[in-house]
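1. Task: produce atomic coordinates for the following.
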Amino acid sequence: MKIYFAASIRGGREQQPKYEHLVNELRDKHDVLTEHFAESSLTSAGMTHLSDEEIFARDTAWIRESDVVVAELTQPSSGVGWETAYAESIGKKVIGLFDESSERRLSAMLAGNPEVNIIRYKDIGQAVVELLDVLEPLE
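-> Purely as a prediction, here's the structure:
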C-alpha cells in the first residue's frame, strides 16, 4: 500500500522523533512516499532547493498516487490541514494521529469530521499498534 505521510515542516519540527518512529514502523509493510518528512535533517526551513510551486506539484501528485494519507496532527500545521482536506476531497482515506498528552487541542475541523479517522494516543507505541490495526483491512 502507498502511504502519504503528512507532518509539520514549516509549522515546527518539535514532533520529528515521533514522525521518524511512525515512518520506520510503516515502511516495514508499506511504501511511504514521503518518508523524508520524518528525517531529522529536515528543518522548519523545509526543502530550500525546491520552489513552493515545485513542492505543491510534487506533494499533490504524491497524494493522488497514495492509497491512504496518514497525518500526524499534534503540531498545528496549515499545510497538513490542507493536505488532509485535499486528500478527502479526492476520495482518499485519511487517518489522523493526535497525542493527547500534548497541551494542544486538535482542530475542531479535523476532530469533528466523520470522514477522518482520528487515533488519539498518549504513547507512540500505542499509536503504532492502533494505526497498523486500522491500515490492515485496507491492504
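2. quick one: low-confidence ranges for the chain?
-> 40-48 (pLDDT under 70).
3. Secondary structure element holding the residue of the chain most remote from its centre?
-> Farthest-out residue of the chain from its mean C-alpha position, per Cα atoms, centre = their mean: H49, at 22.1 Å. In the assignment (DSSP states H and E), H49 maps to no helix and no strand.
4. For it, give its distance to A108.
-> H49 sits 36 Å away from A108, going by Cβ to Cβ, to the nearest Å. Placement of C-beta: from N, CA and C, glycine included.
5. any idea how far W82 lies from L135?
-> 23 Å.
6. err, E100, not the other one
-> 21 Å.
7. Could you check which of the two is surrounded by more residues?
-> L135 (19 against 12; other Cβ atoms under 10 Å).
8. isn't the more buried one right next to K2, touching?
-> No: applying Cβ atoms under 8 Å, one finds L135 not in contact with K2, separated by 11.6 Å.
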